[in-house]
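1. what shape does this take:
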Amino acid sequence: MSLKKRQLTDLDEIKQLEVDILDYVAKICDSNNLKYFLGYGTLLGAVRHKGFIPWDDDVDILMPRKDYEQLRKIWDRDNRYKLLDCRDDKKYIYPFMKVTDTKTKLEEHDVEEQADLGLYIDIFPYDGVSSDTEKRQAFLKKCEKLEKLRLYSMLSMDKILHEDAKKNFGRKILWKILRMIGPARISRKMEKFIAKNTVKDAEWMGCLCTRFSDREIMKKEIWEETIQLEFEGKMYKAPKEYDKMLTTNYGDYMTLPPEEKRCLAHNFKVWEYIEE
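-> Numbering: from 1, shown residues only. Alright, predicted model coming up:
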């Protein structure tokens with residue numbers, strides 16, 4: 001039996017394959033009593049559109065650290081969907097997990113180094129942080145610095161150059177050093193740093209592996225209870241306090257952006273492997 005590669009150009013077809021991954025992950029979480037919920041643009045899409053934001057092709061879910069680690073531990077490696085984690089795959093360049101469809105092949109044009117990816121969904125852990133404002137801010141700055149270095153290391157040089165040519169000399173040197181270190185190694189350092197410093201029974205929580213982690217930090221109660229929301233004709237878990245979460249992340253989230261900003265964020269090509 002041979003496989004034929006077919007390029008996927010229909011956005012609805014791509015979205016359906018991503019929903020299939022989401023469905024698979026949600027069922028594993030539900031059957032093992034693991035907490036998850038829709039996050040970021042996926043949550044916004046569920047609330048505002050009952051599905052994908054029309055000009056988006058992304059699926060994000062969030063999990064508390066304990067459940068996140070348990071999902072990694074119990075994942076069945078011998079199935080269509082592969083769980084990617086920087087601690088397991090030395091080529092994987094993100095400090096959070098992805099679940100990828102092995103029957104597809106994806107090429108991202110803005111990223112020079114990459115693990116073997118197909119269509120995927122992102123799984124972000126969220127952690128407790130200190131109630132002490134000064135300690136919390138120092139911790140968040142360290143997280144943001146590591147994420148900035150990771151981004152610099154994975155992009156081509158032209159993506160990080162400044163309009164001021166005088167500043168580019170230092171950036172070029174920094175870029176060369178970071179390229180030698182590599183985004184995968186920085187991701188592992190970042191993941192280890194966050195996991196080591198998470199605060200148990202914290203009053204404040206958030207996803208720390210982003211460049212704007214200060215926007216992520218919210219009171220514990222916002223993260224606790226979940227409800228069911230519709231997304232692409234199916235019901236998935238979402239934060240009960242989704243309004244507070246979306247307002248913190250996006251402001252007036254029910255107002256549509258100007259038409260010129262309604263464009264896909266990702267720049268990739270994707271193929272599907274089909275049996276002949």
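2. all strands for this protein, in order.
-> In the chain, the strands defined using DSSP state E lie at 3-8, 37-38, 60-64, 81-84, 97-101, 104-108, 120-129, 204-206, 218-219, 226-231, 234-239, 268-275.
3. report the contact partners of the most centrally placed residue in the chain.
-> The centre of the chain sits closest to Asp122, judged by CA atoms, centre = their mean, with a distance of 4.0 Å. Asp122 makes contact with Asp58, Val59, Asp60, Ile61, Tyr94, Phe96, Met97, Lys98 under the criterion CB atoms under 8 Å, 6 or more residues apart in numbering. C-beta coordinates here come from the backbone N, C-alpha and C atoms, glycine included.
4. now do the spatially closest residue to Gly206 that is not a sequence neighbour against Leu256, distance only.
-> Spatially, and ignoring its direct neighbours in sequence, Gly206 is nearest to Glu216 (3.5 Å; CB to CB, 6 or more residues apart in numbering). According to CB to CB, to the nearest Å, Glu216 and Leu256 sit 24 Å apart.
5. between those two, point out the one with more neighbours.
-> Counted by other CB atoms under 10 Å, Glu216 and Leu256 do not tie: Glu216 has more neighbours, with 25 against 13.
6. need the per-residue pLDDT for that one.
-> pLDDT, Glu216: 88.
7. what does the one 4 residues further on give?
-> In this model, Lys220 is scored at 94, pLDDT.
8. what about Ile93, how many neighbours?
-> 24.
9. pretty sure it sits against Arg185.
-> No - contact between Ile93 and Arg185 fails when scored by CB atoms under 8 Å: they sit 9.3 Å apart.
10. Arg77: how many residues sit nearby?
-> 8.
11. so which residues make contact with stretch 263-270?
-> Stretch 263-270 is contacted from outside by 7-8, 14, 55-58, 104-110, 118-119, using CB under 8 Å, 6+ apart.
12. quick one: distance of it to the chain centre.
-> 15 Å (CA atoms, centre = their mean, to the nearest Å).
13. how about stretch 13-30?
-> Chain-centre distance of stretch 13-30: 15 Å, with CA atoms, centre = their mean.
14. just the helices in this structure please.
-> 11-31, 40-49, 65-74, 133-154, 165-181, 183-197, 220-224, 242-250 (DSSP state H).
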